[in-house]
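Q: got a predicted model here, sequence first, then my questions.
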Amino acid sequence: MSAYKTFHERSIKDPQSFWAEQAQLIEWFKPFDQVLEYSKPPFAKWYVGGKTNLCHNAVDRHLKTQADARALVAVSTETDQEKVYTFKELHTEVNRMAAILKDQGVAKGDRVLIYMPMIAEACFAMLACARIGAIHSVVFGGFASHSLASRIDDAKPKMVISAEAGARGGKAVPYKPLLDEAIQLATHKPDHVLIVDRRLVEFTKVVGRDLDYATERAKHMDAQVPCEHMDATDPSYILYTSGTTGKPKGVQRDTGGYAVALAASMKYIYGGQAGETMFTTSDIGWVVGHSYIIYGPLINGMATIMYEGTPLRPDAGIWWKLVQDYKVSVMFSAPTAARVLKKQDPAFLTKYDLSSLRSIFLAGEPLDEPTATWLHGAVNKPIVDNYWQTETGWPMLALQRGVEVMPHKFGSPGVPVYGYNMKLLDDATGAELGADQKGVVAIEGPLPPGCMQTVWGDDERFVKTYWQAVPGKMVYSTFDWGIKDKDGYFFILGRTDDVINVAGHRLGTREIEESISSHPNIAEVAVVGVEDKLKGQVAVGFAIPKDANKTETLEAEVMKTVDSQLGAVARPARVYIVNALPKTRSGKIVRRSLQAIAEGRDPGDLSTMEDQTVLAQIKTIMGK
Ligand code: ATP
Ligand code: MG
C-alpha cells in the first residue's frame, strides 16, 4: 500500500492513536485524558481533559527558540507602511492588547467582535483574545452596518475592536460610522468599543463607550498577562460562512483540536518550516485568514505577512515583490485573485526573484484549468488546489506532499486528507457511489480535530443543517457535488444547488463553466440552471469577455465550444455577455442571485454581496 493510503487508513481506523501522535506537534499545559469522545454524535470532543492555549502555541512557545526571528510582517501599500515584528515584539504587543481587554472586564468565554482592516493590531487583537480565553468573532471589514448588526446580535460581544477606517485603492474607507450605525441597529449593545485611530479620517466618539487604543496601550506598556489554561474543548472563535448560498452560519471552533489540526496541516500539506515566511493573500475576515494568515504559520514558528492593499497597486508585481523581499516559501491565495492577475502583463510576475517560493496553494472556489495553467506558466511553481470550508477550518481534499508526493491532476484538489472519512453519496438514496459516479461530497463522522463544534448557540441548527441533508444516513454534507476517479482523486463539480437537470441529464454547472472559459475570449463565466417548461431546466451562462470589442459572435462561438466539448445536451440556452458578475465580498460568484433573476424571482439575502449594482446591470442586459 502507498504511504498515503497507509497514513489515511490509520487516521480513520485508529483515530485515537493517530491524533494522539499529532497532538505532540503543539504544547500542552496539561495532557489530555482522552483523545476523542464521541458518545453523542455528531458532537465530537477532541483531547478531553487537555489544557492548552492558541496564543501560547502561536507566540510564547517560540520565545525559547526564536525570540528575535520575524513573526509578523505588516505591509500596507495603502498607507505605505511596512513593519516587521519579531516573536518577542509580537508577544509584547499581544500582552498590551490583552491587558486592555482585561482592564475593561473582558474575561474567559466573553465574545469580542473584531471589525478591522488588515493591520497588525487586528492580529494583536485576535491573539489577545485567545490569550485570555475570550472568543473572537472577526467580521470582514468590507461588510456594512446591516451585516455587522446581525453578527453583533448573534455573537453578543462584550467589546468591539475596530479602526476608524480601512483603505482601498488609495482611498480611505471609513469604518467607524458603519460600526456606530450597526450598534444602533443591533439589539445587543457592547460595553466598549476600542478604536485604533489610524488618522485616515475624522470621526466622532461616543463618550463612555469608545476607547482610544493608543491611550489605553500607553497604560500597559509593561503588561504581562498569562495565557489562560483553556480546556481543549473550549471555544476559541466564531466565524460566519461566506453567505454564498444564503444566510451565513456562525461556525464555532474549539481550541486544542484546532491547534493540532493546523500544526499537522503545516507539516503534511503546506510544508512550511519554522523560520520561513508564509504569505496568504486572504483577509482575516475569512477562514483562510484565521487558519493561514494568523494561527497556522505562527503555531508552526513561521513568519506571516499581513497585506493591506490590492494585488494591482502600485502595480501588478506587488505580491511577487513581497515574495522576493521576505523570501516567502509558501504562498496561499484564491482563484479569483489569480484571475485578476491574469488580465495583467505577465512581465510583472517574472520581474522578481521567486527562488524562495516552493508552491502556491489556492482554495475557496473551483480552480479552472486555464487559470491554473496560466499561473503555473507565469511563476513556474507548483500550483496546488485544496478544498475545504469555513466549517472544516482546514483542508478536506489536498495532495499531502508531507505524506507522499503524488501526481497532480488538473481540475482536482486531490485526495481525502487524513482524518476525513470522505464519501460520495447518492443524494436521493444516500448510497455510496463508486468511481466516476457523481454525488454529494460528505464526511462520515466524527469530524476530525479543528472542524466546527457546532453552530454558535444553536446545536439544533448544526444537526439539522449539516447532518440530516442526505437521506438515510447521518453524515456531514458539504453541499458540494463531486466525482471521484479510479485513483481516488476527487473533482468538485459545484454546489449541490448548482446541479442542473436538463431533460433527465444531471450536469454540474462547473463542467459547463470550464468549457465556456476555454474559449480564448472569455475571462470569467457563471452558469446556472433555469426552469424550463419543456426540459425541466436549461443552462444559462453569464460571461465576461477579455476583449469587449469582439463580442458580436461570441455567444454563438461559445455555444459551439460547449457543443464540441460536452455535447449538445450541455449547450446553454443563452450565454449573456456581461461586464461584471455578482460576487460575495470574498470574491465568490453568487450563482443563486443569477438564477433568481433569470427565473424572475426575488434574489434573497444579498447582504454579503460586494456590488449590488451588478445585478441591475445584468437584468438590463437580459431585458428583464
Ligand atoms: P455559505 O456556506 O455561507 O453559502 P460558502 O460556502 O461560500 O458560503 P466558505 O466556507 O467560504 O463559504 O466556502 C466553502 C465552499 O467553497 C465549499 O463548500 C466549496 O463550494 C467552495 N470551495 C472551496 N474550496 C474549493 C476548491 N478548492 N474547489 C472547489 N470549490 C471549493
Ligand atoms: Mg458553505
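A: It's in. Ligands and ions are numbered 1, 2, ... in the order given.

Q: which single residue in the stretch 501-624 of the chain comes nearest to ligand 1?
A: Relative to ligand 1, the nearest point of the stretch 501-624 of the chain is Lys588 (5.1 Å; CB to the nearest ligand atom). All C-beta atoms are positioned from the backbone trio N, CA, C, and that covers glycine.

Q: ok, which stretches of the stretch 1-150 of the chain are strands?
A: Secondary structure of the stretch 1-150 of the chain (DSSP state E, counting those that start in this stretch): strands at 34-40, 43-48, 51-52, 70-76, 81-86, 111-115, 135-138.

Q: ok, the closest residue in space to Lys267 that isn't next to it in sequence - contacts?
A: Using CB to CB, 6 or more residues apart in numbering and skipping the chain neighbours, the partner closest in space to Lys267 is Gly402 (5.2 Å). Contact analysis of Gly402 by CB atoms under 8 Å, 6 or more residues apart in numbering lists Lys267, Tyr268, Ile269, Gly271.

Q: quick one, grab the pLDDT at the last one.
A: Predicted confidence (pLDDT) for Gly271: 96.

Q: check the first one too.
A: As predicted, Lys267 sits at a pLDDT of 98.

Q: can you show me the helices along the stretch 301-450 of the chain?
A: 318-325, 335-342, 347-350, 369-379 (DSSP state H, counting those that start in this stretch).

Q: ligand 1: which of the ones you listed is closest?
A: helix 335-342 (7.8 Å).

Q: name the residues that touch the closest one?
A: Outside of helix 335-342, the residues within contact range by CB under 8 Å, 6+ apart are 281, 311-312, 316, 319, 348-349, 362, 364-368, 371-372, 374-375, 378, 523-524, 583, 587-588.

Q: need the residues that contact stretch 217-230.
A: Outside stretch 217-230, the residues touching it (CB under 8 Å, 6+ apart) are 29-30, 51-56, 60, 95-100, 102-103, 108, 128, 131-133, 236, 255-256.

Q: could you list which of these belong to helices?
A: 54-56, 95-100, 102-103, 128, 131-132, 256 (DSSP state H).

Q: leaving out chain neighbours, which residue sits closest to Arg313?
A: Excluding its sequence neighbours, the residue lying closest to Arg313 (CB to CB, 6+ apart) is Thr77, at 5.4 Å.

Q: now do the phi/psi pair for that neighbour.
A: phi -90, psi 0 (degrees, to the nearest 10).

Q: what's the distance between it and ligand 1?
A: Distance, Thr77 to ligand 1, by CB to the nearest ligand atom, to the nearest Å: 25 Å.

Q: Thr6: neighbour count?
A: When counting by other CB atoms under 10 Å, one arrives at 12 neighbours for Thr6.

Q: what separates it from ligand 1, distance-wise?
A: With distances taken as CB to the nearest ligand atom, Thr6 is found 25 Å from ligand 1.

Q: can you read off the pLDDT for that residue?
A: 98.

Q: mean pLDDT added to the helices of the stretch 301-450 of the chain, as a markdown table?
A: A markdown table is the format used below for those (pLDDT from 0 to 100):
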| stretch | mean pLDDT |
| --- | --- |
| helix 318-325 | 97 |
| helix 335-342 | 88 |
| helix 347-350 | 86 |
| helix 369-379 | 90 |
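
Q: now render these as JSON lines, adding distance to ligand 1 and mean neighbour count.
A: Below are the helices of the stretch 301-450 of the chain laid out as JSON lines (distance: least, CB to the nearest ligand atom, whole Å; neighbours: other CB atoms under 10 Å):
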{"stretch": "helix 318-325", "distance to ligand 1": "20", "mean neighbour count": "20"}
{"stretch": "helix 335-342", "distance to ligand 1": "8", "mean neighbour count": "20"}
{"stretch": "helix 347-350", "distance to ligand 1": "22", "mean neighbour count": "16"}
{"stretch": "helix 369-379", "distance to ligand 1": "11", "mean neighbour count": "17"}
